[in-house]
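J.: how would this look folded up:
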Amino acid sequence: MSGHSKFANIKHKKEKNDAAKGKIFTIIGREIAVAVKEGGPDPANNFKLAAVIAKAKANNMPNETIDRGIKKAAGDVGNVNYEYVTYEGYGPNGIAIIVDALTDNKNRTAANVRSAFTKGQGNIGTPGCVSFMFDKKGQIIIDREECDLDADDLMMIALDAGAEDFAEEEDSFEVLTDPDSFEEVCKALEEAKIPMLSAEVTMIPQNYVELTDETAIKNLQRTLDLLDDDDDVQAVYHNWDE
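T.: Next up is the predicted model:
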């Protein structure tokens, strides 16, 4: 992704997130509950929980809210019935889309996701139909205006902590990691007091596709908006070059 800034996308997401902060906290709360159920309440021994905590902090979730969510989940393990499910499909002009959901009703979620694809003139595919076009990576975005370090110093901190790649863009820095190194890199940046605009394990397209047809763009945006509004949907990945 070097040389191709996704800061505008991240910023757009954050603006939408800020307008619906309650939903974001609810989504992360579900992820905390599932992570605690699967691996226990100690992030030192539970990588999935540690990754969710890093994501929570990047979304400005207060530490006391995170701690309260972990304690509640630890005392309520038997009642956590959410499960992860992933859908893959195509938007207009073959745009690849991956949808991660966390749901307590798979039938409801499947119907809603299918409807979002259909209304945007796309279609759901079989598992694996588009995921081979993406790489699973830890991705950390740092707003250049919020970072006091210069690019070289920031890059050395990230690489020394185990990052795979560092990209310098006009308005941001991007750090990419192997998913297994994500927690350590986040911890190193946090200890260096470097504010992270976004920190998550994500799916990054190997190639991006441009759309020039206005109808196709409108239809794809409709699908993405419908998915974004669905409470069960945790994340949406696509290879549209916005």
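
J.: switch to C-alpha atoms for all contacts and neighbour counts from now on
T.: Noted.

J.: which intervals of this structure have sub-threshold pLDDT?
T.: Residue ranges of the chain with pLDDT under 70: 1-21, 77-80.

J.: 80 - rerun?
T.: Per-residue confidence for the chain (pLDDT under 80) gives these ranges: 1-23, 76-80, 242.

J.: for it, what spans make up the strands?
T.: Secondary structure of the chain by DSSP state E: the strands cover 83-90, 96-103, 123-124, 134-143, 165-168, 172-177, 198-205, 233-238.

J.: taking the ones you listed together, which one is wrapped up most tightly?
T.: Mean neighbour count (mean count of other CA atoms under 10 Å) peaks for strand 172-177 among the strands of the chain, with a mean of 24.

J.: What helices and strands are in contact with it?
T.: strand 134-143, strand 165-168 (3 or more CA pairs under 8 Å, 6 or more residues apart in numbering; DSSP states H and E).

J.: Centre of the chain to the last one, how far?
T.: It refers to strand 165-168. Using CA atoms, centre = their mean, to the nearest Å, the mean C-alpha position of strand 165-168 is found 18 Å from that of the whole chain.

J.: Export it to CSV, keeping only CA atoms.
T.: Taking C-alpha atoms only, strand 165-168 is exported to CSV below (Å, rounded to 0.1, in the frame of the first residue of the first chain):
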residue,chain,number,x,y,z
ASP,A,165,6.4,-1.8,6.4
PHE,A,166,6.2,2.0,6.9
ALA,A,167,4.7,4.5,4.5
GLU,A,168,4.9,8.2,4.6
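
J.: Distance check, Arg68 against Gly22.
T.: 16 Å (CA to CA, to the nearest Å).

J.: Next, the angle from the helix ranked longest in the chain to strand 83-90.
T.: Criterion DSSP state H: the longest helix present in the chain is helix 21-39. Comparing the axes of helix 21-39 and strand 83-90 via axes from the mean of the first three to the mean of the last three CA atoms, to 10 degrees yields an angle of 120 degrees.
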